[in-house]
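Student: when you get a sec, could you give me coordinates for this:
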Amino acid sequence: PARINITLYGANAEDYGRLCAVPDAFEIVRDNISWLKESGINCLFNFTATPWNIESLPHVKEYAAQMGIPLRLTVYNFPPVRKADASGFSRLSAECAGKLQAEHDLACTDSDYLLTRACHELPVPAQGKENKMNCYGGKSQFWIAWNGKMTPCGMLNEPHTDPLVEGFLPAWQALKEKTAKIYLCTECAQCPKRETCISCAAIAVAETSRFDEKPEYMCRLNNSYREHIKKSIQENT
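Tutor: A predicted model of the protein is given here:
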């Protein structure tokens, strides 16, 4: 493989015990990471920040540096899209998530580039321009769920087709046609701050249950991210 992505839940047994209830898992993960490096296989670490592991982030960064493996931070947590009861769901506030992402990016990305993006406002698109899905989902990539259904994305339950019944090529063609009919929020398409926003079709549905509704959480996260980039750079110049 060209690269293996590994999600870390912490950097020691205590972290894994707190978040995963399996303290011994960290030792297994650590040994496998060492084996991959010895085998010459490139790795990338992912870390998803939650209220339960955010204090582990400095330890994870230190461990990633020791191993010489890049670390990608994810601050956005999808609301559960496959659970009937989401009462136990908890995540960082949008403001905290935006600040955390800004701090991470400032530590590993050129500050001039970040400031340019944080200050840049895009023009409003021409009237009548269709706001369709702008990712690869349902165009050049697909996801096969646990039940065999084909969807455009791992975080979308709909639209779907059934390659086990229809056959792969007919299912793929039907999925492309269904995906092409999806329209996203017009207000999001016209937002001048959309260059730094990571909102997508899956996030819109997870947050609002609709493709064409604005996910307010993402607006707050993006605003927080941009403001902290600008504030941090201005304070240090």
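
Student: outside of the one helix or strand Ile229 maps to, which residues touch it?
Tutor: Taking DSSP states H and E as the definition, Ile229 sits inside helix 216-235. Here helix 216-235 makes contact (CB atoms under 8 Å, 6 or more residues apart in numbering) with 75-76, 94-99, 101-103, 105-106, 111, 114-115, 117-119, 191, 193, 196-199, 203, 207. C-beta coordinates here come from the backbone N, C-alpha and C atoms, glycine included.

Student: pull the helix or strand with minimum mean pLDDT from this structure.
Tutor: Least confident element among the helices and strands of the chain, by mean pLDDT, DSSP states H and E: helix 13-20 (a mean of 88).

Student: quick one: buried residues of that one?
Tutor: Asp15, Tyr16, Gly17, Leu19 (16 or more other CB atoms under 10 Å).

Student: in the protein, which spans are helices?
Tutor: Remark: helices assigned in the chain by DSSP state H are 13-20, 25-38, 57-67, 94-108, 111-119, 163-166, 168-179, 186-189, 201-208, 216-235.

Student: for those helices, give me TSV that also has distance to Pro152.
Tutor: Below are these laid out as TSV (distance: least, CB to CB, whole Å):
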stretch	distance to Pro152
helix 13-20	29
helix 25-38	30
helix 57-67	31
helix 94-108	25
helix 111-119	27
helix 163-166	13
helix 168-179	5
helix 186-189	18
helix 201-208	8
helix 216-235	19
